[in-house]
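Student: how would this look folded up:
(chains A, B, C and D)
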2 protein chains.
Amino acid sequence: MKPSVVTIEPNGHFCSDCGVRASAVCSSLDPAELGEFEHLGRRVHFSSGETVFSEEDITTSFYNVLEGVMRLYKLLPDGRRQIVGFALPGDFLGMNLSGRHNFSADAIGAVTVCQFAKAPFGRFVEDRPQLLRRINELAIRELSQARDHMVLLGRRSADEKVAAFLLVWRERQPAPKGPSDTVPLPMSRQDIADYLGLTIETVSRTFTKLERHGAIEIIHGGISLLDPARVEALAAA
Amino acid sequence: MKPSVVTIEPNGHFCSDCGVRASAVCSSLDPAELGEFEHLGRRVHFSSGETVFSEEDITTSFYNVLEGVMRLYKLLPDGRRQIVGFALPGDFLGMNLSGRHNFSADAIGAVTVCQFAKAPFGRFVEDRPQLLRRINELAIRELSQARDHMVLLGRRSADEKVAAFLLVWRERQPAPKGPSDTVPLPMSRQDIADYLGLTIETVSRTFTKLERHGAIEIIHGGISLLDPARVEALAAA
DNA sequence: AAACGCGATTGACCCAGATCAATTTTGGCA
DNA sequence: TGCCAAAATTGATCTGGGTCAATCGCGTTT
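Tutor: I've put the predicted structure just below:
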């Protein structure tokens, strides 16, 4: 799953009609600043399974996710993997203090990112405190999510983990028309297991059990919540 | 363990000779700014077991830890607890997006904090981007620690968790004279268990096992690393 | 349409760590 | 100094989820 071919579009795109304009870091910029900002980033496409950056790589760029889903993970020397999060459109990646990425990121399905070279981006932020504040907000949101996930990893049962995962994931989906009870799951069972601190077999068995009990239906590419209240009760427990 | 008596010192202290001056948020302020800053915070003492703030409380203050250790934790409805971190001098607490604390914090032993009312502090940060940058740095450091901890919670065995905990905790101690092999543990076994996602019995048994193997010695108020290399090997695994 | 490959599911069994239950040790405090 | 309560340790037993091993389902290739 190493990157093979990467498509770069030097320009031809405008921040003003970018899909994440309202939610990403750039939401802190006014139209005038946006014009300048536009020159800093370039759209880059990754196809399914490609690695955008790896843990321990020197950080040369920051990334703004525009389209698709990415898995963010850390590996132990013996190959055990923990997925520390999934990145969705609007998420901002690459901030660190060490000068190196502290996790790896790869594309789940096709992904488009807006890539910024570290130095010019740093200079741009320098005299734009609102942008810095926006970056800080995103970091604080991530931190809160990270703490929630620690509770899940350290103190919840397999059933609770899976149920909570479905609900959190549903919540993160852009609501097309009301809160849908269909939860698309673009990632593999292995990804879900590595996110929840379980094995693939336990994830599969838990889905099957929930389906037998009538709480969910396993559909192609996702899960349908037949009885959301039941799933919520399981997750809260 | 609810707060009973809290000692407040209206002033009589100066930022310039504060113990965390060099490492905390205030390290980003020059001497002139420090004079102003001094009026914003007040020193507050908490004694062992007192709660500084609780999850879901409306955030009215930020806190800069000056002395002592705090446990930061979240509770599930049924009482299960996950400690999401320990706060040491120099740590900054209270940032959030929701307006409410997203975890609880209480003192382990005597604690001194520098407390800032939210609004005045917010105004002060407003026109001081270096302070905002410093706050952001601390948040990013926390985030990195949180991700490391997710790996520990989701993918490491009990032995690895305990060994890694000892090493990380040793690393966080202020080195008085060279890296000491004595690790002070001011928190209870229950705290350690709730931090590592284990039970108190497993933590106790693991310590005993490490001691029998000659890797550590259990001493009053902490652990002595008799064979640090052995402990490191266990933690890396 | 047969053969392939790969992710997902299912079954049988096992074990690390939880649970339940005593002690033992420690730290105030009268 | 002795007493009490809380914390820590230790032992016996149990079990949720891991491990190992087929098998299934399904989209691709030829």
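
Student: Enumerate every residue touching residue A:237.
Tutor: Residues near residue A:237 by C-beta atoms under 8 Å, 6 or more residues apart in numbering or on different chains: A:156, A:157, A:159, A:160, B:76, B:77, B:78. C-betas here are computed from N, CA, C, even on glycine.

Student: Quick check: bridge partners of the residue nearest to the spatial centre of chain A?
Tutor: Nearest to the geometric centre of chain A sits residue A:87, at 1.1 Å (C-alpha atoms, centre = their mean). Legend: beta-bridge partners of residue A:87 under DSSP bridges are residue A:70.

Student: quick one: low-confidence ranges for chain A?
Tutor: Applying pLDDT under 70 to chain A picks out residues A:1-12, A:177-179.

Student: What ranges does it have for its helices?
Tutor: Secondary structure of chain A (DSSP state H): helices at A:31-38, A:118-126, A:129-155, A:158-172, A:189-196, A:200-212, A:228-236.

Student: Domains of chain A: list them as residue ranges, please.
Tutor: According to automatic domain parsing, chain A comprises the domains A:7-148, A:156-236.

Student: State the distance from the spatially closest residue to residue A:181 that is not a sequence neighbour to chain B.
Tutor: Nearest non-adjacent residue to residue A:181, counting by C-beta to C-beta, 6 or more residues apart in numbering or on different chains: residue A:225, 4.2 Å away. Distance from residue A:225 to chain B, counting by C-beta to the nearest C-beta, to the nearest Å: 21 Å.

Student: and if you look at residue A:187?
Tutor: For residue A:187, the distance to chain B - C-beta to the nearest C-beta - is 16 Å.

Student: quick one: contacts for that residue?
Tutor: So residue A:187 contacts A:69, A:71, A:86, A:108, A:195 (C-beta under 8 Å, 6+ apart).

Student: thought the last one was touching residue A:81?
Tutor: No. Under the criterion of C-beta atoms under 8 Å, residue A:195 lies out of contact with residue A:81, with a separation of 9.5 Å.

Student: out of those two, which sits in the more crowded spot?
Tutor: Counting neighbours by other C-beta atoms under 10 Å in any protein chain shown for residue A:195 and for residue A:81 shows that residue A:195 has the greater number, 27 against 19.

Student: Run a quick neighbour tally on residue A:41.
Tutor: As a burial measure, residue A:41 scores 24 neighbours (other C-beta under 10 Å).

Student: that older thread, any chance of TSV for the domains of chain A, columns distance to DNA strand C?
Tutor: Converted to TSV, those look like this (distance: least, C-beta to the nearest atom of the strand, whole Å):
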stretch	distance to DNA strand C
domain A:7-148	9
domain A:156-236	3
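
Student: Between those, which one is closest to residue B:136.
Tutor: Residue B:136 lies closest, by C-beta to C-beta, to one member of the domains of chain A: domain A:7-148, at 4.6 Å.

Student: What separation do you get for the residue lying closest to residue A:48 once chain neighbours are set aside and chain B?
Tutor: Distance criterion C-beta to C-beta, 6+ apart; nearest residue to residue A:48, sequence neighbours excluded, is residue A:109 at 5.1 Å. Distance, residue A:109 to chain B, by C-beta to the nearest C-beta: 23 Å.

Student: Test my guess that residue A:124 contacts residue A:132.
Tutor: No. Using C-beta under 8 Å, residue A:124 is not in contact with residue A:132, being 10.3 Å away.

Student: pretty sure the residue nearest to residue A:48 contacts residue A:46?
Tutor: No. With contact defined as C-beta under 8 Å, residue A:109 does not reach residue A:46; the gap is 9.5 Å.
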